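Peer 1: Coordinates only, no sequence provided:
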């Protein structure tokens, strides 16, 4: 089931009104990443204010999620003696069948869910359609032929929850951010058609012809009425040897156990037998003049059903194979819930801003895991997440202005345009907008180090080379900043220089192709309510600390990936699991360490002292990224394979840092952005039709004998306009306008032809061959234009998306490579050290970007 955006507070209000002393504790399952962490913080603040008990359980991957289902979720079921209750999934499980993996739906059992309700907030796409349009306990069947739709709970129509829905019986509820209602109508119809379709076996007989062929030799084998039907995924498993084109619907876990991700159809209902179609038994002898049409035979009905089934399975297969992407960050979704409940404040808003900012740091875009490159005059960009991301950032800026109105007595328009480092007073704990440059940890590093370690300047100035470092020095010299002064701490630099920094950056940015380095003057707005597009978010904690949302996102990521400051010993990273377990093949000790780091980040996110204490960890991580990325580019260690570029990190003191998939992802995005800029400068455009060349990064985990592999999309994914829904709407509007214009032209031509015919008739000339030819040519051109629009529309769906998840699964199915697919990021896998060569060879022949 799914809950539409306009009813986002319905379920929580019901929970709030029904609470009592015996209300079961809410179980919160949260992924180990900053966006989910911030969303968890927002949700727990709301729950605490309403005096509801809750338990937080971090989840590291699908294997861990399956264990949580067995140990924590199944005991909650009323059929197992539990009290029922609510499980909230934050960034967890949106792409797999949660009913199966959590143990809430078991084949052969009539009672499903048993009072356990699962709320799913997830930005990963594609959705598992079993969660969206299924995932609810069926009502008792009124008769043996009751269909799936007739047994849906009250208040649920085609999977959509309405205001009349009454929770309590359990089920899986997906919180829709707008994607489901706007973009999945075809998938919905196909899924529901398959659910209610009787199960018939495909004997290989062609069914593409007419249904009215000879009835001789009709197949007598038909499903028995009321027999149990297999799910779509089970059919795929049985027929995988015959039809290799069907998408893999299972995701492998730590122990190679299958984790179903395909839509599951409930078996507890009777079916309409095909034989019943012939049992109506109309009289054989009819009056010769009034014979009814002949009833279709069992064979023709069978072929018709097979054709319908294959068409609908093809729609679902295409959806699942479309590629991965990301939608609205879940921290923004949870903040919307708080806003609907009237519980929003500065603390929750700040957490939402940090969560949204962190998704951009990790390259999570509407094209999947990919880097963002600069735009061009011919194809302007909307930045991260396109139009949707721009609107989300504008909404957050409006919220900042609403909750933090400026003091009219002390407000200065000139001061608001300066990159400030100090609060207004000791009580200043507000959030404000600031024209932040795209530097790294500017307020907590020197200006030189902040610019040197900025991924934006790294790619544009090519700082990995000596000539690139000289360009940076020249830029500072033109700005009038000496190297000695630029290497001082930014907080201790000359105040006049800091006040004029923005103006100087804007003055010389265009000379080095750095137009997006800092928001231009035009974004300031004519008043305090100006748009201020591109401005960053800054928060003060009195005189204790001043941090930007970007700073907090960088620090949280470093804590999650590296650990606290005590993880740095003599400038090198030392993992506790390396001491505890030197032969940890399954990664259990590693996952345990990551969970500990999650709790450290969870405690630090609202503690400015802890955040400042973790600054050395963040600097250490980004120095390692800078050193490793510069080495890969300077030594030309990046290989060009058939479908992507490849870089392997297996030597050097920083290799253990990149055993964490998120740290390796940052390195891949850092290098990928530089490669995209080089590609654009050398060829004038990005390869692969503007999508850019994908990059695969592999890091050796010597202790476990595996390579961590990450696949990122090219540099053009997030910038392509067809991924913006607003662009699609504009195309539809233009198409409708074009159709109206064409209809008007047709009427005008018809009127003109009528006048010509009348004139020729009066002159005695009946030759209208030229008019017919002209009409046919006009109609043909209009038809060609329509077909081109349809081709373009079909091409746009999934074009440019990251398809590494599908490619990884295909390689696993085709080879004997030992691969572990356990991460919620499907473009992240682990490959045994000895199998990496064969794995990459097979992967290079796959399509990795849509």
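Peer 2: Sure, I can see it. From a predicted model like this one, the values you see are computed outputs, not experimental measurements.

Peer 1: who touches the closest residue to residue 515 other than its chain neighbours in this structure?
Peer 2: Closest residue to residue 515 apart from its sequence neighbours, by C-beta to C-beta, 6 or more residues apart in numbering: residue 509 at 5.9 Å. Where you see a C-beta, it was placed from the backbone N, CA and C, and this is true even at glycine. Counting by C-beta atoms under 8 Å, 6 or more residues apart in numbering, residue 509 touches 515, 517, 518.

Peer 1: quick one: average confidence on the biggest helix by length in the chain?
Peer 2: In the chain, ranked by residue count with DSSP state H as the criterion, the top helix is helix 725-763. Average pLDDT, helix 725-763: 78.

Peer 1: can you list the weak-confidence ranges in the stretch 501-650 of the chain?
Peer 2: 522-531, 565-586 (pLDDT under 70).

Peer 1: quick one, strands of it?
Peer 2: Under the criterion DSSP state E, counting those that start in this stretch, strands of the stretch 501-650 of the chain are mapped to 536-540, 546-548, 568-569, 572-573, 639-640, 645-649.

Peer 1: Quick one: these as CSV, columns for distance to residue 839 and mean neighbour count too.
Peer 2: Compiled in CSV, these are given as follows (distance: least, C-beta to C-beta, whole Å; neighbours: other C-beta atoms under 10 Å):
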stretch, distance to residue 839, mean neighbour count
strand 536-540, 41, 24
strand 546-548, 40, 22
strand 568-569, 33, 12
strand 572-573, 27, 18
strand 639-640, 15, 10
strand 645-649, 11, 20
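
Peer 1: Please tabulate those strands in TSV, including the columns distance to residue 164.
Peer 2: Formatted as TSV, the strands of the stretch 501-650 of the chain follow (distance: least, C-beta to C-beta, whole Å):
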stretch	distance to residue 164
strand 536-540	40
strand 546-548	45
strand 568-569	57
strand 572-573	55
strand 639-640	58
strand 645-649	54
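
Peer 1: closest one to residue 800 among those strands?
Peer 2: Nearest to residue 800, of all the strands of the stretch 501-650 of the chain, is strand 645-649, at 16.9 Å by C-beta to C-beta.

Peer 1: Give the pairing partners of the closest one; include direction for each.
Peer 2: Using DSSP bridges, the strands paired with strand 645-649 in its sheet are strand 639-640 (antiparallel), strand 695-701 (parallel).

Peer 1: Which SSE is immediately downstream of it?
Peer 2: Following strand 645-649 in sequence order, the next helix or strand is helix 661-683 (DSSP states H and E).

Peer 1: Buried residues in that next one, which are they?
Peer 2: Neighbour counts over helix 661-683 (16 or more other C-beta atoms under 10 Å) mark 661-677, 679-680 as buried.

Peer 1: Could you tell me how far it lies from the centre of the chain?
Peer 2: Remark: helix 661-683 is offset 20 Å from the chain centroid, using C-alpha atoms, centre = their mean, to the nearest Å.

Peer 1: For that helix, give the mean pLDDT please.
Peer 2: pLDDT averaged over helix 661-683 gives 88.

Peer 1: Next, the angle from that helix to strand 695-701.
Peer 2: Angle of helix 661-683 versus strand 695-701, following axes from the mean of the first three to the mean of the last three C-alpha atoms, to 10 degrees, is 140 degrees.
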